[in-house]
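**Student:** Curious how this folds, go ahead:
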Amino acid sequence: MKDKQLISLPKKKHRELVMKIEDLAKKENRTISDEILSLLEIGYQEYINRAIDSTTPKSVVSLFAGAGGLDIGVEMAGLNVIWANEMDNDACETYIANHPHVYVERGDVRNVKSFPKADVVIGGYPCQGFSLAGNRLVTDDRNYLYREFIRCIRQSEPMFFIAENVKGLLTAGGGRIVEAMVEEYKEEGYDVQYKLVNAKDYGVPQDRERVFIVGVRNDVDFKYEFPLPTHGEDVEMKPYVTMKDAIGHLKAAEIGEYDDSGFSSRYLSRNRKRSWNDVSFTIQASGRHAPLHPSGDPMIKFDRDKWLLPETSQHRKLSAVECALIQTFPPNYKWKGNISSQYKQIGNAVPCLLGKAIARPIADFLKEYYKEDETNQKSLVTN
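**Tutor:** Down below sits the predicted model:
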């Protein structure tokens, strides 16, 4: 029998360093080995002394950032994300791989001591307690993480904020929850608008209804109005972007992995397939419930809550790559974690183009704001 030999650290400074790394790993929700590997790559001192330039024009602080869908959207609109927080390990790795310029604070937002100043705060706080598919308990702790969002607003003092959530937020608790949120935002000094929008109306090839809450600080001379739909069936509008537009170009070698766990009775309780010329059903945060690929014959309604898959053709679920494209992530976006985690990250994200549309009015205002500020500075120097 071999005895394990424990490693001793005779020097106090080494023991203290290990304790700091253990604390850091716990805070960032990572294993000690992952934390050590990360620090070896970056350097401990460089890691803990990372700096944030809060003077960046059109700056954004992002909470509950996930894989970065909303963040990509606001950057497409012309804003600059400088700081982000996320606690899911794989989502953090995905975010960092695609946003090397952003300071990422890993771990539970409730453990964040301070938030940097910024022009805009964004975030889609956890929504399981509000979801129409969930138990919708008013007492669900996840329903109150929006107060961390408010804590961030209080510290960051942004001119604007953008919060995103599921459709079920509007009716959760008989509508009391959303009204309570709006009142708290108003008490912080913001004019607040909220609206249910569908992603397909803004160039996203997907039926996806989400609630956006937008706040404008009371001292800012700007009235936010939700952008009008750009896509639809009206002659004046652009046509809806279809699945053929989004994923029809993919070759077999480009499809990537997809969930092949079969089709449960719950899955077959409703239609899961749309044609190439339709927008997709909502992309779920689970590969098991991903919509079917549009190839092959359509599903047949056999009875109430029972649909059948014709045996005349093969059927498979959309791959993670296809789901990401339908969520309008860039084709070269890097995904970390196993296939199940990737589906979850993709399904939880805000479609990038929807985020861009919602943020564009704010980005346009800030562009003019900083141009005017620069002009004033030049005038002062001249005089």
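
**Student:** Would you mind listing the buried residues in stretch 230-241?
**Tutor:** Under the neighbour-count criterion of 16 or more other C-beta atoms under 10 Å, stretch 230-241 has H231, Y240, V241 buried. Just so you know, the C-beta spots here come from the backbone N, C-alpha and C atoms, and that holds for glycine as well.

**Student:** Stretch 319-326 now?
**Tutor:** Applying 16+ other C-beta under 10 Å to stretch 319-326 flags S319, A320, V321, E322, C323, A324, L325, I326 as buried.

**Student:** what does stretch 309-318 give?
**Tutor:** L309, H315, K317, L318.

**Student:** Looking at those residues, which is nearest K117?
**Tutor:** Proximity of the buried residues of stretch 309-318 to K117 (C-beta to C-beta) peaks at L318, which lies at 40.8 Å.

**Student:** The closest residue to the closest one other than its chain neighbours: how many residues sit nearby?
**Tutor:** Nearest residue to L318, sequence neighbours excluded (C-beta to C-beta, 6 or more residues apart in numbering): A290, at 4.8 Å. Neighbourhood size, A290 [other C-beta atoms under 10 Å]: 27.

**Student:** ok, and the closest non-adjacent residue to Q345?
**Tutor:** Leaving aside its chain neighbours, Q345 sits nearest to A67 (4.1 Å; criterion: C-beta to C-beta, 6+ apart).

**Student:** my read: that neighbour touches A97, true?
**Tutor:** No - using C-beta atoms under 8 Å, A67 makes no contact with A97, being 9.8 Å away.

**Student:** of those two, who's got more company?
**Tutor:** A67 (35 against 14).

**Student:** ok, N89 - how many residues close by?
**Tutor:** 17.

**Student:** State whether it and A67 are indeed in contact, as I suppose.
**Tutor:** No - at 11.9 Å, N89 does not count as touching A67 under the criterion of C-beta under 8 Å.

**Student:** just checking, L70 touches F161?
**Tutor:** No - contact between L70 and F161 fails when scored by C-beta under 8 Å: they sit 12.0 Å apart.

**Student:** Next one: N198 relative to L354, how far apart?
**Tutor:** Distance of N198 to L354, given as C-beta to C-beta, to the nearest Å: 9 Å.

**Student:** G124 now?
**Tutor:** Counting by C-beta to C-beta, the separation of G124 from L354 is 11 Å.

**Student:** quick one, what contacts K195?
**Tutor:** Neighbouring residues of K195 by C-beta atoms under 8 Å, 6 or more residues apart in numbering: V211, F212, F226.

**Student:** could those be laid out in JSON lines, adding distance to N277 and secondary structure?
**Tutor:** Shown next, in JSON lines, are those (distance: C-beta to C-beta, whole Å; DSSP: H, G, I helix; E, B strand; the rest coil):
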{"residue": "V211", "distance to N277": "28", "secondary structure": "strand"}
{"residue": "F212", "distance to N277": "28", "secondary structure": "strand"}
{"residue": "F226", "distance to N277": "28", "secondary structure": "coil"}
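
**Student:** Quick check: PyMOL command selecting the buried ones in these.
**Tutor:** Under the burial definition 16+ other C-beta under 10 Å, those of those that qualify are selected in PyMOL by:
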select buried, resi 211+212
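
**Student:** now the end-to-end length of stretch 343-361.
**Tutor:** Counting by C-alpha to C-alpha, to the nearest Å, you get 31 Å between the two ends of stretch 343-361.

**Student:** repeat for stretch 324-338
**Tutor:** Start-to-end span of stretch 324-338 (C-alpha to C-alpha) is 15 Å.

**Student:** Need the residues that contact it.
**Tutor:** Residues outside stretch 324-338 that contact it (C-beta under 8 Å, 6+ apart) are 67, 69, 72, 89-91, 93-94, 97-98, 203-206, 243, 246-247, 250, 280, 283, 318, 320, 342, 345-347, 349, 351-354.
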